[in-house]
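S.K.: My questions are about this predicted structure, shown below with the sequence.
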Amino acid sequence: VRLSAVELRVLHLPLVSPFTTSFGTEDVREVIVVRALTDGGDGWGEVVTQHAPLYSSEYTHGAWDVLRRWLIPALLERPAVSAEEVAVVLSPFVGHRMAKAGLETAVLDAALRAEGRSFAAHLGAVRDRVPSGVSVGIQRDPAALVDAVGGYLDEGYARIKIKIKPGRDVGDTAAVRDAFGTIPLQVDANSAYTLADAELLADLDRFDLLLIEQPLQEDDLVDHATLARRLRTPVCLDESIVSAKAAADAIALRAASVVNIKAGRVGGYLEAVAIHDLCRAAGLPVWCGGMLETGIGRAANAALAALPGFTLPGDVSASSRFYARDIVTEPIALKDGHVRVPTGPGLGIEIDHEALEQFTVQRETIAR
Ligand SMILES: CC(=O)N[C@@H](Cc1ccc2ccccc2c1)C(=O)O
Ligand SMILES: [Mg+2]
């Protein structure tokens, strides 16, 4: 594509309910939307950073600065750039994978819309709908958690994931198992534990969980391998898998037996497919994680989740799990425990410009 400018917006989207994890509580999602203006038309992307660097080292205004100061100018310097070339052009700049992912997605969306080709076709999707799991935050107490889980089960979600942290782990998991029996259930610690907690984490083995997600430090592989040898529950990595190389290292070190793939965390959907391919060749099941995306990233995630190696339900929930109003005209919805893979050109979504304006708190266009 021939890029003429890139428009950045910071959006504030109110959450339908506060979302509490081991690293804090959010009731407004702050996200950056990227619009690539090209000779073939516009493309859209999303930077999944949060206001503060609590999930990873990236955060909204760090991503904003690196995009406008380094990443966008690097792309604008080139007469033309393909989506596959974006990562190469941006490779001199270290890290900032969520910022890079948002930019690459916008370029890929513009190119595919111009070609009339869907994200799903381009990435290698083999399904037209995917089972939808849901991530449930830490609630006031286990009884409130049971109520929240009951509501999501009534909606038809195919898999329940509950957030845990020290002091809110065994009791909460027991309450969900006591209330709902053998439903597909997993936990996500967001790095809240250390190897010293191995005995406590082994107490979770009795609940027959699908997996325990990122129990230890966000950039660890070796200790997760040690822990995995002491647990019956499969260890899944999220934060630690920042690239295809990290995935290869995790497989070599036996640090995980399941991988949560998030395009934003690894620098884009093309790197995400490479991780899928690597895990599939090594026999590791993968699933598509979520970062409370708007309809832009949610559509891209639904396409990614339709690849053959995504054999476990992911966190591609309905838009209404998080938002009363989305910024796309047809928000992703849950039907019989599944979400549909968009089939239109590019991401297959249309922007609801009135909603986009309503939620925009900051904007800047960087032109050639
Ligand atoms: C769906 C889910 O659990 N996502 C992340 C954690 C997470 C939690 C809170 C967030 C708040 C704002 C933006 C991104 C966020 C991501 C995870 O799997 O670890
Ligand atoms: Mg996680």
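M.R.: Nice, thanks for sending it over. Ligands and ions are numbered 1, 2, ... in the order given.

S.K.: what's the domain layout of this protein?
M.R.: The record's domain split for the chain, according to automatic domain parsing, is 3-116+353-367, 121-340.

S.K.: can you list those in a markdown table and add distance to Leu347, mean neighbour count and mean pLDDT?
M.R.: Bear in mind the C-beta positions are built from the backbone N, C-alpha and C, glycine included. Rendered in a markdown table, the data for those read as follows (distance: least, C-beta to C-beta, whole Å; neighbours: other C-beta atoms under 10 Å; pLDDT from 0 to 100):
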| stretch | distance to Leu347 | mean neighbour count | mean pLDDT |
| --- | --- | --- | --- |
| domain 3-116+353-367 | 5 | 19 | 98 |
| domain 121-340 | 5 | 20 | 98 |
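
S.K.: which stretch among these comes nearest Gly346?
M.R.: domain 3-116+353-367 (3.7 Å; C-beta to C-beta).

S.K.: is any part of the closest one close to ligand 1?
M.R.: Yes: counting by C-beta under 6 Å from any ligand atom, contacts between domain 3-116+353-367 and ligand 1 involve 19, 21, 26, 29, 50, 55.

S.K.: Doesn't the third one belong to a strand?
M.R.: Yes: residue assignment for Glu26, taken from DSSP: H, G, I helix; E, B strand; the rest coil, places it within a strand.

S.K.: who wins for proximity to ligand 2 among the domains of the chain?
M.R.: Among the domains of the chain, the nearest to ligand 2 by C-beta to the ion is domain 121-340 (3.5 Å).

S.K.: With distance to Gly346 as extra columns, can I get the domains of the chain in TSV?
M.R.: Listed next are these as TSV, based on distance: least, C-beta to C-beta, whole Å:
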stretch	distance to Gly346
domain 3-116+353-367	4
domain 121-340	9
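
S.K.: could those domains go into CSV alongside distance to ligand 2?
M.R.: Converted to CSV, the domains of the chain look like this (distance: least, C-beta to the ion, whole Å):
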stretch, distance to ligand 2
domain 3-116+353-367, 8
domain 121-340, 4
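
S.K.: Can you give the distance of stretch 138-146 from its chain's centre?
M.R.: 24 Å (C-alpha atoms, centre = their mean, to the nearest Å).

S.K.: near ligand 1 at all, it?
M.R.: No: Stretch 138-146 is not in contact with ligand 1 by C-beta under 6 Å from any ligand atom; minimum separation 10.7 Å.

S.K.: send the alpha carbons of that stretch over as CSV?
M.R.: Below are the C-alpha coordinates for stretch 138-146, written out as CSV (Å, rounded to 0.1, in the frame of the first residue of the first chain):
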residue,chain,number,x,y,z
ILE,A,138,-12.1,-11.2,40.8
GLN,A,139,-15.4,-10.5,42.5
ARG,A,140,-16.2,-9.2,46.0
ASP,A,141,-16.3,-12.7,47.4
PRO,A,142,-16.7,-16.3,46.1
ALA,A,143,-20.5,-16.1,46.3
ALA,A,144,-20.4,-13.1,44.0
LEU,A,145,-18.1,-15.0,41.7
VAL,A,146,-20.6,-17.9,41.5
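
S.K.: what comes into contact with that stretch?
M.R.: 20-22, 136, 147-148, 162-165, 168, 171-172, 174-176, 179-180 (C-beta atoms under 8 Å, 6 or more residues apart in numbering).

S.K.: Show only the entries of the residues you listed found in helices.
M.R.: 147-148, 171-172, 174-176, 179-180 (DSSP state H).

S.K.: Columns distance to Leu13 on top of the residues you listed, output as a markdown table?
M.R.: A markdown table is the format used below for those (distance: C-beta to C-beta, whole Å):
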| residue | distance to Leu13 |
| --- | --- |
| Asp147 | 24 |
| Ala148 | 20 |
| Gly171 | 32 |
| Asp172 | 27 |
| Ala174 | 34 |
| Ala175 | 30 |
| Val176 | 28 |
| Ala179 | 31 |
| Phe180 | 30 |
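
S.K.: and which of the residues you listed is nearest ligand 1?
M.R.: Ala148 (13.6 Å; C-beta to the nearest ligand atom).

S.K.: Who are the contact partners of the closest one?
M.R.: 136-137, 139.

S.K.: For the chain, which segments count as helices?
M.R.: 60-66, 72-76, 83-90, 97-115, 119-123, 142-155, 170-180, 198-202, 222-228, 244-253, 263-266, 269-282, 295-304, 353-359.

S.K.: which helices and strands sit right next to the fifth one?
M.R.: Applying 3 or more C-beta pairs under 8 Å, 6 or more residues apart in numbering; DSSP states H and E, we find helix 119-123 packed against helix 97-115, helix 269-282, helix 295-304.

S.K.: Which neighbouring elements make contact with the shortest one?
M.R.: If you count contacts as 3+ C-beta pairs under 8 Å, 6+ apart, helix 295-304 packs onto strand 41-47, helix 97-115, helix 119-123, helix 263-266, helix 269-282.

S.K.: now the angle from that helix to helix 269-282?
M.R.: If you take axes from the mean of the first three to the mean of the last three C-alpha atoms, to 10 degrees, helix 295-304 sits at 30 degrees to helix 269-282.

S.K.: May I have helix 295-304 exported as CSV, CA atoms only?
M.R.: C-alpha atoms of helix 295-304 as CSV (Å, rounded to 0.1, in the frame of the first residue of the first chain):
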residue,chain,number,x,y,z
GLY,A,295,-14.8,-4.4,17.6
ILE,A,296,-11.6,-3.8,15.5
GLY,A,297,-9.3,-6.2,17.5
ARG,A,298,-12.2,-8.5,18.3
ALA,A,299,-12.9,-9.1,14.6
ALA,A,300,-9.2,-9.8,14.0
ASN,A,301,-9.1,-12.2,17.0
ALA,A,302,-12.2,-14.1,15.8
ALA,A,303,-10.4,-14.7,12.5
LEU,A,304,-7.1,-15.8,14.2
